[in-house]
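J.: Following is a predicted model, sequence given first.
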Amino acid sequence: MARRSPTLTLVGVFVVVYLVELLVGLAGVPESAFALAPPVVARPWTLVTSVYAHGSVGHLLANTVGLVLLGLVLERRTSRMRFHLFFLMTGALAGLTQVWVGALFGVRTAVIGASGAVFALLGYVLAGNRVSDTVLSAVPLSGRAQLGAFAVAAAAVTLLTAAPGVALVAHFAGLLVGLLAGQAHLLRT
């Protein structure tokens, strides 16, 4: 019996959550009920809902395409449970980082969408493969230098995705965590 794809399961979750968003929106509940925003302790469920909810069909489609392209590759290297936990944890961490950095600058930020988790998948796929292992082992860099190189790479990719209303800090955080997790082969079974 073939195992169910965690990537395709997440696509289904995205669609169901988006439909719920539309239904509760018709009932007068604002989209912000799903968004991660300060104070997080006042609405802890948003650590989860913010990862799976999306602000528009275009937003949903963009994250779904990224998830499918990266997830179908990565899910073969790990278990369903590890894949889902990695996706949720990196998405929540990326969202929390966006909210925290906004608060540092006095900006009340609300975050919604899976792009932080999708960027973590990208980072993992980039750093957690044989080619990257070979290149990184051939280049004598200290742990700090590798972290610096990963941060520069994450910043460069993040800037390439820059657009108004995009959670750039969440993209950066997700990609950086994914690169580190990939280098450590965190998802290997």
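T.: Thanks, I have it. Numbers count the residues shown, from 1 in each chain.
J.: Quick check: nearest residue in space to Gln146, chain neighbours excluded?
T.: Leu136 (6.8 Å; C-beta to C-beta, 6 or more residues apart in numbering). Where you see a C-beta, it was placed from the backbone N, CA and C, and this is true even at glycine.
J.: next one: Thr78
T.: Leu187 is the one closest to Thr78 (C-beta to C-beta, 6+ apart), at 3.8 Å.
J.: again with Val68
T.: Thr7 (6.1 Å).
J.: who's in contact with the one you found?
T.: Residues near Thr7 by C-beta atoms under 8 Å, 6 or more residues apart in numbering: 67-68, 71-72, 75, 83.
J.: Helix or strand: which one has it?
T.: Under the criterion of DSSP states H and E, Thr7 resides in helix 6-26.
J.: ok, back up a step: may I see the ChimeraX selection of the buried members of the contacts of Thr7?
T.: To isolate the buried ones among the contacts of Thr7 in ChimeraX, judged by 16 or more other C-beta atoms under 10 Å, type:
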select :67,68,71,75,83
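J.: which phi and psi does the most centrally placed residue in the chain have?
T.: Nearest to the mean C-alpha position of the chain, by C-alpha atoms, centre = their mean, lies Ala117 at 1.2 Å. Backbone geometry at Ala117, expressed as degrees, to the nearest 10, gives phi -70, psi -40.
J.: now the angle from the top helix by length along the chain to helix 6-26?
T.: In the chain, with assignment by DSSP state H, the single longest helix is helix 80-104. Helix 80-104 runs at 50 degrees relative to helix 6-26, counting by axes from the mean of the first three to the mean of the last three C-alpha atoms, to 10 degrees.
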